[in-house]
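Participant: A structural model of the following input is requested.
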Amino acid sequence: MGSATRHALAALKNSVDGWGQAELQDAEQVFAAVNAAVANQHLLVALSNPAADVSARRELAGRVFGSHLSPRALQLLQDAVSQTWSSNHEFALGLQELAVRATAQTAGEQSAIAAELTRVADTISANPELELTLGSRLGDSAVKSKLIERLFAGKISAPSLLILRELVGNPLGRRTRRLLTWAGEVVADQAGRSVATVTVASPLAPEQLAKLEAGLTRRFNRRVSVTTIIDPKIIGGLRVQLGDDVIDDSVAARLNNLRLQLA
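Facilitator: Numbers count the residues shown, from 1 in each chain. Next up is the predicted model:
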């Protein structure tokens, strides 16, 4: 990700913060605008063209989307086209992040969305046929979206379902597992948290989870939410991943280190 894109995303987070408690319909409209822009390469280039005046790009966004978006959603889109992006592709990715953040603003408990997205990612990963179907570049986006609705509607919250349906339908070249992990991280960041993925051999008790979250919060100097993955192969202990940071204190890792030392 280029430096221009990082600055643009930081500015847009502030724009979403200004929404306060948003309506899900606003977030749905932002996703619809993103999909329309990504589907039309000429429009995508025109909206992100750094050689064009900011006022011209904002006017174009208003002319194309004004009659389809709420004032709040249109303002967010115009804020996005006002930024400078490192590439057209990163502009598209940035628009999707903007839509995910907007969806997070519609939820009262944002950390619950991040946890739901992680659980869905685990479910999909555990079913190779489903993962292949959703991740296939040859599959129709509408068919994938309907499949998501059939499998998960009523089982996860409406904001989580919206994010899941839209990202799977338009992954922009990313694999499903990584896509949903990224979305969970964005949602957590919007809530002022980070998400740590903790792999354990058996489920943790609520008091253990609370203690672990408190310890990670102190260590990383930021509020941390924990999502767990059950993997008996680690035997015992735990493996924590938060962004690029990995703490592997699993029994399996310790045994492997011991084998290496004895080799």
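
Participant: can you give me the strands for this protein?
Facilitator: 194-200, 224-230, 238-242, 245-248 (DSSP state E).

Participant: any residues touching the shortest one, and which ones?
Facilitator: Looking back up the chat, that one is strand 245-248. Strand 245-248 is touched from outside by Phe220, Arg239, Val240, Gln241, with contacts defined as CB atoms under 8 Å, 6 or more residues apart in numbering. No exception for glycine: its C-beta is placed from N, CA and C like everyone else's.

Participant: separation between the last one and Arg150?
Facilitator: When you say that, I think you mean Gln241. Separation of Gln241 from Arg150 (CB to CB, to the nearest Å): 31 Å.

Participant: Turn the contacts of strand 245-248 into TSV, columns for pLDDT and distance to Ile247.
Facilitator: Compiled in TSV, the contacts of strand 245-248 are given as follows (pLDDT from 0 to 100; distance: CB to CB, whole Å):
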residue	pLDDT	distance to Ile247
Phe220	83	11
Arg239	86	7
Val240	87	4
Gln241	84	8
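
Participant: for stretch 82-95, which positions count as buried?
Facilitator: Neighbour counts using 16 or more other CB atoms under 10 Å place Ser82, Gln83, Trp85, Ser86, Glu90, Phe91, Ala92, Leu93, Gly94, Leu95 of stretch 82-95 among the buried residues.

Participant: Could you check how far the third one is from Val100?
Facilitator: Distance, Trp85 to Val100, by CB to CB: 17 Å.

Participant: again, but for the fifth one
Facilitator: Using CB to CB, one obtains 15 Å as the distance from Glu90 to Val100.

Participant: repeat for the first one
Facilitator: As judged by CB to CB, Ser82 and Val100 stand 19 Å apart.

Participant: Can you tell me how far the nearest residue to Glu185 once chain neighbours are set aside is from Ser225?
Facilitator: Using CB to CB, 6 or more residues apart in numbering and skipping the chain neighbours, the partner closest in space to Glu185 is Val195 (5.5 Å). Shown here: Val195 relative to Ser225, a distance of 5 Å by CB to CB.

Participant: Sounds good, over and out.
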